[in-house]
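>>> How does the following fold in three dimensions:
(chains A and B)
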Amino acid sequence: MSTYTSDSNAAPAFVARQSFIELTARERARHLLDSGTFRELLGPFDRLTSPWLPLQGIVCQADDGAVVARGTIGGAPALVCAIESAFQGGSIGEVSGSKIAGALELALRDCERGKIVHPVIVFETGGVRLQEANLGLAVIAEIQAAIVALRRHVPVVGVIAGMVGCFGGMSLAAALCTRLIMTRQGRLGMNGPEVIEQEAGIDELDASDRRRIWQLIGGEQRTACGLADRLVEDNAEAIVAAVRDAFAGGVPSVHRTEAVDHYLALLAQVDPSAITPESMRGLFAAEQRDAAGSAVTIKEFE
Amino acid sequence: MEHLTFDFPARRTVPARVHVGVVGSGDLEVLLAPSDTMQAHVVVKTSVDGYAHIWKSVLERFFTRYDGAASIEINDFGATPGVVALRLAEAVERSDSGAGDNA
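Coordinates of the predicted model:
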């Protein structure tokens, strides 16, 4: 009791900081945009809900789990698309996905007219919403196409803060982003651990082995391997600063996903029978240091 | 999924519309907006069937203290009565303080 005084400066840093992970999607979008500039498009009172969930006896959310907001970041026009992980695991349905794809397409139209809009996507998603099947998959393809078109004009910045992480088709969308910001708690992968255990057996992966899972697909590992660009603490201010830095870096001459030969050559060196998280770091990180000025953007942040 | 509606008398208008909460496990979202008439109207969509009598009790207790002519929509994903009461209180506090949503 006596260790805390009335002076708020005495509180440890981890108490004083605002966690980003603990924020809802709407609060995350509000934090990323300059104070007072948050303006939501197709918000809850527009009641654009999934037509498919009620048919399957599932309660809708008034915004279908996607928050689309305009405002400014560092004074420049910006767009934030944030996925709410608490609603249906952040899954992408026809409506939530269309909101994100539509917003990115409108930003693209502005960019093509010379009015640059800075897009941020806050990924917190298990991927496609299985109840909406192909409609969700189709719209994820639209999101991916919009990211690829947009990133020619302006960096497209992705944030994976956790705790859900980013999986399925949306992990590919995240990979297409110009720059990806992760926390240690964030995870990025195609199939989630539970899916791998269910499909390939517990010998392949024990989904309850949290240490192992984060060693494989956690933010620290993904950043060390150059598949994400910046590792930040779970701190709203730090994430806001990282997003600004990511835009300041400008559009790279080659995006990570365009460096196909570079990554094929790396994969050719991987021995599947002896692969470990450490060997992946050694291989991918070492190659990055050699390939100065290549597609890999991690160096710009260092 | 169950769909319930309730009406309650009101004595004053509601200053601002607000949205609180999330349709996550054990939680709910509340959309509170000014009603067209001098009457409060509540629509509940809940994932848990068979609890209409509990909803009636929770809402009756809420409206013993709240007299706004509000149109309230609730999308519930298995919230307990305590959580429902807290979310309703949160919505009223934000609405009455004028911290309405621009959305």
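>>> what about the residue of the stretch 51-200 of chain A found nearest chain B, distance to A:Leu23?
Nearest residue of the stretch 51-200 of chain A to chain B: A:Ala86, at 3.0 Å (C-beta to the nearest C-beta). Heads up, the C-betas are built off the backbone N, CA and C, glycines and all. Going from A:Ala86 to A:Leu23 by C-beta to C-beta, to the nearest Å gives 11 Å.
>>> Spit out the contact partners of the closest residue to A:Leu231 other than its chain neighbours.
Nearest residue to A:Leu231, sequence neighbours excluded (C-beta to C-beta, 6 or more residues apart in numbering or on different chains): A:Thr223, at 4.2 Å. The neighbourhood of A:Thr223, defined by C-beta atoms under 8 Å, 6 or more residues apart in numbering or on different chains, consists of A:Met182, A:Asp229, A:Arg230, A:Leu231, A:Ile298.
>>> Swap in 7 Å and give it another go.
A:Met182, A:Arg230, A:Leu231 (C-beta atoms under 7 Å, 6 or more residues apart in numbering or on different chains).
>>> Partner strands of the host helix or strand of the last one, with direction?
In the assignment (DSSP states H and E), A:Leu231 maps to strand A:230-232. In the sheet, strand A:230-232 lines up against strand A:179-183 (parallel) (DSSP bridges).
>>> Pull the residues that contact the partner strand.
Strand A:179-183 is contacted by residues A:21, A:155, A:157-162, A:174, A:188, A:219, A:222-223, A:228-234, A:239, A:242-243, A:246, A:249, A:297 when judged by C-beta under 7 Å, 6+ apart.
>>> what do you get if the cut-off is 6 Å, keeping everything else the same?
For strand A:179-183, contacts defined as C-beta atoms under 6 Å, 6 or more residues apart in numbering or on different chains pick out A:155, A:157-162, A:174, A:219, A:222, A:228-232, A:234, A:242, A:246, A:297.
>>> Let me know the average pLDDT across it.
Per-residue pLDDT over strand A:179-183 has a mean of 98.
>>> what about it, distance to the chain center?
Its chain's C-alpha centre and that of strand A:179-183 lie 7 Å apart, by C-alpha atoms, centre = their mean, to the nearest Å.
>>> Could you name the helices and strands sitting against the helix or strand harbouring A:Ser98?
Assigned by DSSP H and E, A:Ser98 belongs to helix A:94-112. Here helix A:94-112 touches strand A:66-73, strand A:76-83, helix A:133-150, going by 3 or more C-beta pairs under 6 Å, 6 or more residues apart in numbering or on different chains; DSSP states H and E.
>>> just the angle between the last one and strand A:76-83, please?
Helix A:133-150 and strand A:76-83 meet at an angle of 160 degrees, taking axes from the mean of the first three to the mean of the last three C-alpha atoms, to 10 degrees as the criterion.
>>> okay, the angle between helix A:133-150 and helix A:94-112?
For helix A:133-150 against helix A:94-112, the angle by the same axes, to 10 degrees is 10 degrees.
>>> Up against chain B, what does chain A have?
Residues of chain A that fall close to chain B, judged by C-beta under 6 Å from any C-beta of the partner chain: A:Thr24, A:Glu40, A:Gly43, A:Pro44, A:Phe45, A:Gly57, A:Val59, A:Gln61, A:Ala62, A:Ala86, A:Phe87.
>>> Shouldn't A:Glu278 be within a strand?
No. Counting by DSSP: H, G, I helix; E, B strand; the rest coil, A:Glu278 is not found in a strand; it is helix.
>>> Tell me the confidence at it?
In this model, A:Glu278 carries a pLDDT of 93.
>>> now it: how far from A:Met182?
19 Å.
>>> Show me which of those two is the more surrounded one.
With neighbours defined as other C-beta atoms under 10 Å in any protein chain shown, A:Glu278 and A:Met182 compare such that A:Met182 has more, 31 against 11.
>>> Burial check on the closest residue to chain B within the stretch 201-302 of chain A, number of neighbours?
Nearest residue of the stretch 201-302 of chain A to chain B (C-beta to the nearest C-beta) works out as A:Ala236 at 18.2 Å. A:Ala236 is flanked by 20 other residues according to other C-beta under 10 Å.
>>> Check the contact between it and A:Arg17; I expect there is one.
No. If you go by C-beta atoms under 6 Å, A:Ala236 and A:Arg17 don't touch, sitting 7.6 Å apart.
>>> Appreciated, that's everything.
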